[in-house]
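Colleague: Quick one: sequence plus predicted model below, questions after.
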Amino acid sequence: MAEVATPKIWINRAVFLAVAFVLVVVQLVPLDMRPAIWAAPDLLLLVTLVWAVRRPSYLPVLVVAAIFLMADLLFGRPPGLWAALVVILTEALRKRSKNMRNAPLLLEWGTIAFGIAAITIANRLILAVVMTPQPPLGLTLIQMIGTILVYPLVALVAHFVFGISRPAPGQVDGMGKLL
Amino acid sequence: MVRDRNSDDYFAPIRRLLVGLLILVLFAVFLAWRIDSPRMERFRAMAVDKVVPSFDWAMAPITGAANLIADFQSYQQLAEQNQNLRRELRQMTAWKEAALQLEQENAKLLGLNNVKLDPQLTYITGEVITDSGSPFRQSVLVNVGMRDGIIDGWPTMDGIGLVGRIAGVGQETSRVMLLTDTSSRIPVTIQPSGQKAILAGDNTLNPPLEFLEDTALIRPGDRVVSAGDGGVFPADLLVGQVALGSDRRMRVRLAADYQRLEFLRVLRSQPHEVIDDPGGLLAPETEFFGPAALTTLGSAVDG
């Protein structure tokens, strides 16, 4: 939010950018062109959501919009729609992140699950309304459920590897201001 | 909660406004895509063209590691593979001999009949840079583009069979929509019965045949080749073999090796010459009546 941008925040923003970049590139590597029977969880979305819930200050909204718009263009999705939905979701989570600080993991997980389901359904509905050809429903559902199930794992990795933990009550930033 | 929120109070409303604006812009992009899809797709091709080649350095180690693992696995089966290859090679020499004889015979017969064949197709070979990155779309990006004279719609093959067609051309890259993509539709002919059908991708490895006139005439194992119908594709490119799917539909086992698409051939497909002249009437010019007189009257009025 309007926290003073300390060097630490800038470093962490760069870390997020790097993680997102790696995730995009890994998806693009041409290894096997046979159509997959199942769809892997959407890690890029998960990482963004973990950051949004736990450390929103490391996640400028412009970066989210830019990354997801680029991903839309690269992955052959209708450009703009998924990016807009993700920005809406991260903004909603950002608003709740202050209250989520003391919430149990299960509640956080539930909120995220609800959010992912909401934007997936909204995506399909909007595409149906404007009559765009859609991917098979089964694959979308598999991906949605997989994404929701993997969330705690991603949160764990974010916590221990990248230090993305919820700020403790009373924690101060580099300028001595309350987080 | 007692908190110092002074700075938030100044900034929050402006931020909310800007975020709202950002979301509106993103939706506007989506609507623009929906309304004027070709223009946005051109923009997409341009963006991909700018961004993807610069990922090369990042992708090289991942591809290398994956290849290393694949190579290691193949070492384990080396002896077995070697034996299989020898056996296949023996069969192939027999086939080669037969093919040579047939070719000579064919050339002789064609010469006797004075047949004009289509000029042979030329091709450009490109390397696969990335795949679509999404489980819902089946496409790959190759490193040849407008610079190499690639045109939208040209067919693409690996060494053996048809792989897909060009859908989206950038300056240095172009996207190949694979036959397995849900929006891929290709006219095909099934030999030897000569039935026409549409090969409709459905995101599975073996796409089904649609609009078959008579399923009784085709059998699993029949060859499927592209048809020249509609001037979309050159005729007689190998697509695959008919196979009966587990859902009792006729499907095609594709000849191209989708597991390992590294290099693709883009065929320069020349458009068919269109004959739009109905053919003149062989008669003396003075003897026109009726409709002919009307048209001369019409043109006189126009003039």
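Modeller: Done, it's in.

Colleague: wait, doesn't residue B:143 sit right on residue B:52?
Modeller: No - when contacts are counted by CB atoms under 8 Å, residue B:143 is not listed as touching residue B:52 (9.1 Å). C-beta: built from backbone N, CA, C; applies to glycine.

Colleague: and residue B:71, how many neighbours does it have?
Modeller: Residue B:71 sits with 9 neighbouring residues when counted by other CB atoms under 10 Å in any protein chain shown.

Colleague: Counting by contacts, list what the helix or strand that contains it packs against.
Modeller: Assigned by DSSP states H and E, residue B:71 belongs to helix B:56-76. If you count contacts as 3 or more CB pairs under 8 Å, 6 or more residues apart in numbering or on different chains; DSSP states H and E, helix B:56-76 packs onto helix A:7-28, strand B:123-131.

Colleague: Of the ones you listed, give the one that comes closest to residue A:152.
Modeller: helix A:7-28 (17.6 Å; CB to CB).

Colleague: quick one on the thing from earlier: now do the shared contacts for residue B:143 and residue B:52.
Modeller: Common contacts of residue B:143 and residue B:52, defined by CB atoms under 8 Å, 6 or more residues apart in numbering or on different chains, comprise B:129, B:173.

Colleague: Please say which of those two ends up with more neighbours.
Modeller: residue B:52 (20 against 17).

Colleague: was I right about residue B:158 contacting residue B:259?
Modeller: No - contact criterion CB under 8 Å: residue B:158 and residue B:259 do not qualify, at 10.8 Å.

Colleague: before we move on, the earlier item: most packed of the helices and strands packed on helix B:56-76?
Modeller: strand B:123-131 (a mean of 18; mean count of other CB atoms under 10 Å in any protein chain shown).

Colleague: touching chain A at all, it?
Modeller: Yes - counting by CB under 8 Å from any CB of the partner chain, chain A has neighbours in strand B:123-131: B:128, B:129, B:130, B:131.

Colleague: what is the rounded mean pLDDT of that strand?
Modeller: For strand B:123-131, mean pLDDT rounds to 88.

Colleague: what's the answer for stretch B:159-169, then?
Modeller: 89.

Colleague: Repeat that for stretch B:220-235.
Modeller: 84.

Colleague: distance between the ends of it?
Modeller: 21 Å (CA to CA, to the nearest Å).

Colleague: to the chain's geometric centre, what's the distance from that stretch?
Modeller: Mean-position distance between stretch B:220-235 and its chain equals 13 Å (CA atoms, centre = their mean, to the nearest Å).

Colleague: got the buried residues for the helix holding residue B:71?
Modeller: residue B:59 (16 or more other CB atoms under 10 Å in any protein chain shown).

Colleague: Residues contacting that helix, please?
Modeller: Residues contacting helix B:56-76 (CB under 8 Å, 6+ apart): A:21, A:22, A:25, A:26, A:28, A:29, A:30, A:31, B:81, B:129, B:130.

Colleague: Spatially nearest residue to the third one (excluding sequence neighbours)?
Modeller: Read that as residue A:25. Excluding its sequence neighbours, the residue lying closest to residue A:25 (CB to CB, 6 or more residues apart in numbering or on different chains) is residue B:58, at 4.7 Å.

Colleague: need the contact list for the closest residue to residue B:215 other than its chain neighbours.
Modeller: If the residues on either side of it in the chain are set aside, residue B:215 comes closest to residue B:250, at 6.2 Å by CB to CB, 6+ apart. Residue B:250 makes contacts with B:208, B:209, B:212, B:215, B:218, B:242, B:243, B:244, as judged by CB under 8 Å, 6+ apart.

Colleague: ok, back up a step: looking at residue B:158 and residue B:259, which is more packed in?
Modeller: residue B:158 (21 against 11).

Colleague: thinking again about what came up before, for the residue nearest to residue A:25, give its distance to residue B:130.
Modeller: 11 Å (CB to CB, to the nearest Å).

Colleague: Same question for residue B:237.
Modeller: 25 Å.

Colleague: Extract the residue ranges of the chain that are flagged as low pLDDT.
Modeller: With no chain named, the answer covers chain A. A:1-5, A:169-170, A:172-179 (pLDDT under 70).

Colleague: Wait, chain B was what I had in mind.
Modeller: Across chain B (using pLDDT under 70), the flagged ranges come out as B:1-9, B:117-120, B:271-273, B:284-303.

Colleague: who's in contact with the residue nearest the centre of chain A?
Modeller: Geometric centre of chain A, nearest residue: residue A:48, 2.5 Å, by CA atoms, centre = their mean. By CB under 8 Å, 6+ apart, the residues touching residue A:48 are A:20, A:59, A:64, A:67, A:68, A:86, A:90.
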